[in-house]
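Colleague: give the three-dimensional model of this entry:
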Amino acid sequence: MNDTRNLDKILKEVENTNLQVLMNSALNEQNPDKKKVLLALYTYALDKKQDELINRKKFVI
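Modeller: Coordinates of the predicted model:
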């Protein structure tokens, strides 16, 4: 249960982080494993922001 709360905190912080900062961190990371994690976090944050935009009433395709 505690692990879930920690993960929720991490994901919430990622959602509130500037996307450019996340991408720059991923691109500048030398460790390939850390780079994959940072890219996954970037993709997660981007997806959340896209969902938020799409769900707006004024959004039109």
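Colleague: nearest residue to Thr17 other than its sequence neighbours?
Modeller: Ala45 (6.5 Å; Cβ to Cβ, 6 or more residues apart in numbering). Using the backbone N, CA and C atoms, a C-beta is placed for each residue, glycine as well.
Colleague: other residues contacting the helix or strand Glu13 falls within?
Modeller: According to DSSP states H and E, Glu13 maps onto helix 2-15. With Cβ atoms under 8 Å, 6 or more residues apart in numbering as the test, helix 2-15 has contacts from 22, 41, 44-45, 48-49.
Colleague: may I ask which of those has the most neighbours?
Modeller: Ala45 (21 neighbours; other Cβ atoms under 10 Å).
Colleague: isn't it up against Val21?
Modeller: No: using Cβ atoms under 8 Å, Ala45 is not in contact with Val21; the gap is 9.9 Å.
Colleague: where's Glu13 relative to Leu39, distance?
Modeller: Going from Glu13 to Leu39 by Cβ to Cβ, to the nearest Å gives 17 Å.
Colleague: more neighbours, the two?
Modeller: Remark: of Glu13 and Leu39, Leu39 carries more neighbours, 16 against 11, as counted by other Cβ under 10 Å.
Colleague: nearest spatial neighbour of the more buried one, chain-adjacent residues omitted?
Modeller: Spatially, and ignoring its direct neighbours in sequence, Leu39 is nearest to Ala26 (4.7 Å; Cβ to Cβ, 6+ apart).
Colleague: looks like that neighbour contacts Pro32 (just checking).
Modeller: No: using Cβ under 8 Å, Ala26 is not in contact with Pro32, being 11.0 Å away.
Colleague: these two - which one has more neighbours?
Modeller: A side-by-side neighbour count of Ala26 and Pro32, using other Cβ under 10 Å, places Ala26 first with 18 against 7.
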